[in-house]
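K.L.:
show me the folded form of this:
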Amino acid sequence: MASLKVGKLFHIAFAVAAALSFIFILSLTSCGTSSSQEEKMETQRSPIPFGELTENNPALAKGQSSIKTEGVMGYKEVTYKVTYKDGKEINRERVSEKISPPVTKVTFIGTYVPPTPTVTTPDISGSGHEAGYEWAAENDITEPSDCGGNSQSFIEGCEAYAEENAQENSNDYGDSSDWDSYSEDGY
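P.N.:
The predicted model follows:
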């Protein structure tokens, strides 16, 4: 029986040793040939520049400008599932894409030009005024009260001549030779 016991123990020890060797060999094989593989999520974000527009604005003075809308950069965001083996990328799969569009910058350009003011002056060279002046000169009118007619412009022209003629006559003291005929007494 003792031999049977030794034989059984030997057999059991052999089986245990064989099993341990197999596990050791498997673990060596798996350490030497297995590689580490890992997956990560990566996101790439790219800017999208904004555009610019100008608009004419008749309410804004010419030569001036103002911002109607500020420009805002947009972006494109892409998310990938990336697989690495032994630290090297072996696969890249697009998972999602998000686009935030840019906002266009809008600038108002003024186009308003104020109207040029017109200055109106009375028409003193008009036909009625001129005709009244000429008639008064031809008829030697010296008193504005002598002017008459149906046209206000004609009357104003006549009166203008009479006033000028009256001023000229008030400055006329006659010829100095006329003064010699006066005596010291007065006459």
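K.L.:
where does the chain dip in pLDDT?
P.N.:
1-34, 118-126, 169-187 (pLDDT under 70).
K.L.:
mark out where each domain of it begins and ends.
P.N.:
If you go by automatic domain parsing, the domain ranges for the chain are 1-34, 127-173.
K.L.:
Ser35: what's it in contact with?
P.N.:
If a contact means C-beta atoms under 8 Å, 6 or more residues apart in numbering, then Ser35 has 85-86 as its contacts. Every C-beta, even on glycine, is put in place using the N, C-alpha and C of the backbone.
K.L.:
separation between it and Arg92?
P.N.:
Taking C-beta to C-beta, to the nearest Å as the measure, Ser35 falls 18 Å from Arg92.
K.L.:
what does Glu130 give?
P.N.:
Relative to Arg92, and taking C-beta to C-beta, Glu130 is found at 97 Å.
K.L.:
look at those two and report which has more neighbours.
P.N.:
Ranked by neighbour count (other C-beta atoms under 10 Å), Glu130 and Arg92 place Glu130 first, with 15 against 10.
K.L.:
let me know the helix or strand that the closest residue to that one other than its chain neighbours is in.
P.N.:
Of all residues not flanking Glu130 in the chain, Gly157 sits nearest, at 6.1 Å (C-beta to C-beta, 6 or more residues apart in numbering). Per DSSP states H and E: Gly157 is located in helix 152-170.
K.L.:
kindly report the same for Ile99.
P.N.:
Element membership for Ile99 (DSSP H and E) is strand 88-100.
K.L.:
can you map out the strands along this protein?
P.N.:
Assigned by DSSP state E, the strands in the chain fall at 37-48, 52-61, 65-69, 74-85, 88-100, 105-112.
K.L.:
how far away is the residue nearest to Thr104 when sequence neighbours are not counted from Ser65?
P.N.:
Spatial nearest neighbour of Thr104, chain neighbours left out: Gly51 (4.7 Å); criterion: C-beta to C-beta, 6+ apart. Look at Gly51 and Ser65: by C-beta to C-beta, they are 17 Å apart.
K.L.:
swap in Lys85?
P.N.:
Taking C-beta to C-beta as the measure, Lys85 and Ser65 are separated by 58 Å.
K.L.:
ditto for Glu38
P.N.:
Look at Glu38 and Ser65: by C-beta to C-beta, they are 56 Å apart.
K.L.:
thinking again about what came up before, in the helix holding Gly157, what's buried?
P.N.:
Neighbour-count burial for helix 152-170 flags 153-162, 165 (criterion: 16 or more other C-beta atoms under 10 Å).
K.L.:
one more: stretch 45-56?
P.N.:
Neighbour-count burial for stretch 45-56, counted by 16+ other C-beta under 10 Å, picks out Phe50.
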